[in-house]
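Chemist: Predicted coordinates and the sequence they were generated for:
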Amino acid sequence: MTDPDNLNDGGLPPTMDISLWRTLDASANRASEGLRVIEDYVRYGQNDVFLTTELKTLRHQLDSTLQKFERAPAIQSRDTFGDVGTSVQGKLEQTRSGWADLLTANFKRLQQALRSLEEHAKLVDGEVAASFERGRYLSYSLEKMVMTTVAASQLFPQVSIYVLIDGGDDGHSFDTFVATLVDAEVDVIQLRDKKLDDRTLLARAQSLRKRTAGTSTKMILNDRADLAKVSGADGVHVGQEELTVSQVRSVLGAGKLVGVSTHSIDQARQAVRDGADYIGIGPTFPSGTKNFEAFPGVELLREVAGEITLPGFAIGGIDPSNIAEVAAVGIRRVAVAGSVTTAVDPGAVVQAMRTCLSTGSENS
Ligand SMILES: Cc1ncc(COP(=O)(O)OP(=O)(O)O)c(N)n1
Ligand SMILES: Cc1ncsc1CCOP(=O)(O)O
Ligand SMILES: [Mg+2]
């Protein structure tokens, strides 16, 4: 690290050394404080172990970069009462309209401070400047993860029923079934049909859009970002080998939902990093809808529930007889097909599962 006493050797104005130290000191404090506010929210407000750990990574990276500066001259240069900025404060800084506003303001504070550290560090040490730059990039992806998690947690109720349906025998019976599910106030309907030709599938998607528009039921298309775009769906669900979250978003545009299937805790963590709006977690139990060779089961549900607060839907063979096992490990959102689509009274099954998820009691 360059000796601060020799900063003027580089042709800097005589006042530069003290003003540089003041700037570095103030920006370091600003970055640490902004980061701490965000960390407090995800830790105490959200109980999100994963995001708290990710934020800690940035805090440690920042701390180790700051350690390259001697603390003493920075603190000696401090002149809080002589800081003209302390008396220039906008009214807006004293109030926040909600959590999202509070978080956004603190991410901005963090990023501005990191940029200032980076630019000023360029006068002293290029490597340190590059390290602040890496921290700033990390803060952008953390902002995406935190803000997406906060927004998605509000979009999907704490107890949610998500139903996967195929295109049915014909348009009329499909529409009648969708109406039943909408009446039962299921939270999400996913159209998942691997057999229909594209035009028929699009016609079903359009009919699903008509039935769900203006209701509390969201409409998701399985796999097909193109048909989701054309039909005006609320989002798309993709698997591990399909389009990525950012590829789906580039087709759908902003403001649409992207769900990702996850089969391990690492895949669940990656989906959060990728900015998914929700995850499917499974398969939990053997399914009559799709064949599987391996079942991460309720153990994976427990693991995800223990560290991730991005909405997660348990999927695979869930029905009223086993849903209590799902609720028992802390998952209150389920995605089901067969147990509802083959039921004599689908509305009653939806209601039974909802009750069980709300109370945690068995309901077979
Ligand atoms: C909510 C939800 N979770 C998981 C899946 C499975 O998606 P994927 O792994 O892509 O398998 P297919 O559904 O495409 O066979 C899902 N569809 N929905
Ligand atoms: C598509 C899919 N992916 C994992 S399980 C599953 C099917 C869910 O259907 P069911 O509830 O009938 O097991
Ligand atoms: Mg898929």
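Modeler: Good, I have the coordinates. Residues are numbered from 1 along each chain as shown. Ligands and ions are numbered 1, 2, ... in the order given.
Chemist: Give me the secondary structure label for Gly280.
Modeler: strand (DSSP: H, G, I helix; E, B strand; the rest coil).
Chemist: Excluding sequence neighbours, find me the nearest residue to the closest residue to ligand 3 within the chain.
Modeler: Closest contact between the chain and ligand 3, by Cβ to the ion, is at Gly239 (3.5 Å). To be clear about C-beta, it is placed using only N, CA and C from the backbone, and glycine gets the same treatment. Closest residue to Gly239 apart from its sequence neighbours, by Cβ to Cβ, 6 or more residues apart in numbering: Ser261 at 4.5 Å.
Chemist: what do you get for Thr262?
Modeler: Leaving out its chain neighbours, the residue that sits closest to Thr262 by Cβ to Cβ, 6+ apart is Ala268, at 4.3 Å.
Chemist: Quick check: that neighbour vs Glu307, distance?
Modeler: Per Cβ to Cβ, to the nearest Å, Ala268 is found 8 Å from Glu307.
Chemist: Determine how far whichever helix in the chain runs longest lies from the middle of the whole chain.
Modeler: Across the chain, the helix with the greatest residue count (assigned by DSSP state H) is helix 126-155. Relative to its chain's centre, helix 126-155 lies at 12 Å (Cα atoms, centre = their mean, to the nearest Å).
Chemist: Can you point out the buried residues in it?
Modeler: Neighbour counts over helix 126-155 (16 or more other Cβ atoms under 10 Å) mark 128-129, 131-133, 135-136, 138-139, 142-143, 145-150, 152-153 as buried.
Chemist: in stretch 172-186, what counts as buried?
Modeler: Phe174, Asp175, Phe177, Val178, Thr180, Leu181, Val182, Ala184, Val186.
Chemist: And stretch 63-72, by the same measure?
Modeler: Residues of stretch 63-72 classed as buried: Thr65, Leu66, Phe69 (neighbour count, 16+ other Cβ under 10 Å).
Chemist: Do you know the pLDDT at the residue nearest to Thr262?
Modeler: Ala268 carries a pLDDT value of 98.
Chemist: about what we covered before: what packs against the longest helix of the chain?
Modeler: Judged by 3 or more Cβ pairs under 8 Å, 6 or more residues apart in numbering; DSSP states H and E, the packing partners of helix 126-155 are helix 16-40, helix 49-66, helix 99-121, helix 265-274.
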